[in-house]
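> Starting from these lines, generate the structure:
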Amino acid sequence: MIAVRPAAERGHADHGWLDTRHTFSFASYHDPRHMGFRSLRVINEDRVKPGEGFGTHAHRDMEILTWVLEGALEHKDSMGNGSVIRPGDLQRMSAGTGVTHSEFNPSREEPVHFLQIWLLPRERGLPPGYEQKGFPEEERRGRLRLVAAGDGRDGAVTIHQDADLWTAVLEPGKSVRHALASGRYAWVHVARGVVSLNGSTLGAGDGAAVSGEAALEITGAVDAEVLLFDLA
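Predicted structure coming up:
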């Protein structure tokens, strides 16, 4: 079964410096029908104006992934990490027992467009942690590339949850296929473009909850980028 979550039905807030859309309930947006899917708790699509950003704030007991689509995002945290995240980079911050961090758009001219993703950890009270790796577009074009996994295999970042995150960049007519093991679920998020998911059309910002399917076939209709979560 595939249940589509249309982009236009997501939560939305425009703070001037930040334009944000929430696939699941977040901050002042609350919808009891959309509180997450399996261990996936948050997919926020954020656009931050030049020179603006999120000041230092705290998190705990959450696996936080940041995937930049356009522009750059500067990160600093209480663990002593500082980095700039650009398209093709995946950052993982395990909040664990507690961490503070800030995120700013370092550009004076260009906005930054990114996805922030939260997954529930397999257990509470883990030590905080940080990891960032780059995944060039040539590794993702026309095929699914594993970028995050519970066991960190194949060069993926390691998350503290039984979940895999795959990404693909698809040209029109190009397809990728992903088998789902028995008892597994999937969430597909279209970051840009238009795709067909097992015959269902999804556009930019759309998501889909997948259950009871043996495999997923995703075909680009126009140039597209997708994220596929394989979840327990």
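
> how is the protein carved up into domains?
Following automatic domain parsing, one gets these domains for the chain: 11-134, 137-231.

> Which one of these lies nearest to Ala3?
Ala3 sits nearest to domain 137-231 of all the domains of the chain, at 4.5 Å, using Cβ to Cβ. For every residue, glycine as well, the C-beta is placed using N, CA and C.

> State the distance spanning the first to the last residue of that closest one.
Taking Cα to Cα, to the nearest Å, the span from the opening residue of domain 137-231 to its closing residue is 24 Å.

> Do me a favour and average the pLDDT over it.
Domain 137-231 shows a mean pLDDT of 97.

> hmm, back to that, with mean neighbour count and distance to Arg5 as added columns, please give the domains of the chain in a markdown table.
Shown next, in a markdown table, are these (neighbours: other Cβ atoms under 10 Å; distance: least, Cβ to Cβ, whole Å):
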| stretch | mean neighbour count | distance to Arg5 |
| --- | --- | --- |
| domain 11-134 | 17 | 6 |
| domain 137-231 | 18 | 4 |
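
> Quick one, which of those domains gets closest to Met1.
Here domain 137-231 is closest among the domains of the chain (Cβ to Cβ), at 5.2 Å.

> Run the chain-centre distance for that closest one.
How far domain 137-231 lies from its chain's middle: 11 Å, per Cα atoms, centre = their mean, to the nearest Å.

> follow-up on the earlier one: turn the domains of the chain into JSON lines, columns for distance to Met1.
JSON lines is the format used below for the domains of the chain (distance: least, Cβ to Cβ, whole Å):
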{"stretch": "domain 11-134", "distance to Met1": "13"}
{"stretch": "domain 137-231", "distance to Met1": "5"}
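
> Tell me which of those domains sits nearest to Ile2.
So among the domains of the chain, domain 137-231 is nearest, using Cβ to Cβ, at 5.2 Å.

> about what we covered before: which stretch among the domains of the chain comes nearest Val4?
Among these, the nearest to Val4 by Cβ to Cβ is domain 137-231 (5.1 Å).

> what bridges to Ser200?
The partner list for Ser200 in beta bridges (DSSP bridges) reads Leu197.

> Pull the number of nearby residues for the nearest residue to Asp162 once chain neighbours are set aside.
Leaving aside its sequence neighbours, Asp162 sits nearest to Ala232 (Cβ to Cβ, 6 or more residues apart in numbering; 4.1 Å). Using other Cβ atoms under 10 Å, Ala232 has 14 neighbouring residues.
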